[in-house]
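Undergrad: how would this look folded up:
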Amino acid sequence: MPVVFGPNNKRFAEAQGLLASGGGFEVNDYETFARIMEKFSSDKVHLQQSKEAANNYVKKLSGATDKVFSSIKL
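TA: Predicted structure coming up:
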């Protein structure tokens, strides 16, 4: 699903990545939130593209723990 979050996200790489990928949306006020929700409900193509963008972003970052542990030689 696309992710909607508030404006205090500048220090969070994941939020910035979702914004850049098209899978995240920043909301500063009720009007912006309502506009985003209306677009999702009226434009199924936009909703699907946003879902895919968020999903692809998360999949791209998954597996980091396994990568770190596989590089550690004990």
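Undergrad: roughly how far is the lowest-mean-pLDDT helix or strand in the chain from the heart of the chain?
TA: Per-element confidence for the chain was summarised using mean pLDDT, DSSP states H and E. The lowest value among helices and strands belongs to helix 64-71, with a mean of 77. Averaging C-alpha coordinates over helix 64-71 and over its chain gives two centres that are 23 Å apart (C-alpha atoms, centre = their mean, to the nearest Å).
Undergrad: cool, and stretch 17-27?
TA: For stretch 17-27, the distance between its averaged C-alpha position and the chain's averaged C-alpha position is 5 Å (C-alpha atoms, centre = their mean).
Undergrad: how far does that stretch stretch from start to finish?
TA: Using C-alpha to C-alpha, to the nearest Å, the span of stretch 17-27 from its first residue to its last is 16 Å.
Undergrad: mind listing what residue 31 touches?
TA: With contact set as C-beta atoms under 8 Å, 6 or more residues apart in numbering, residue 31 has no partners. Using the backbone N, CA and C atoms, a C-beta is placed for each residue, glycine as well.
Undergrad: and it, how far from residue 44?
TA: Note on residue 31: its distance to residue 44, by C-beta to C-beta, to the nearest Å, is 22 Å.
Undergrad: where in the protein is pLDDT low?
TA: Along the chain, the parts satisfying pLDDT under 70 run over 74.
Undergrad: top helix in it by residue count?
TA: Taking residue count as the measure and DSSP state H as the definition, the longest helix of the chain comes out as helix 44-61.
Undergrad: so which elements touch that helix?
TA: Contacts of helix 44-61 with other secondary structure elements, assessed using 3 or more C-beta pairs under 8 Å, 6 or more residues apart in numbering; DSSP states H and E, are made with helix 13-21, helix 30-42.
Undergrad: which outside residues touch that helix?
TA: So helix 44-61 is in contact with 1-3, 14, 17-18, 21-25, 39-41, going by C-beta under 8 Å, 6+ apart.
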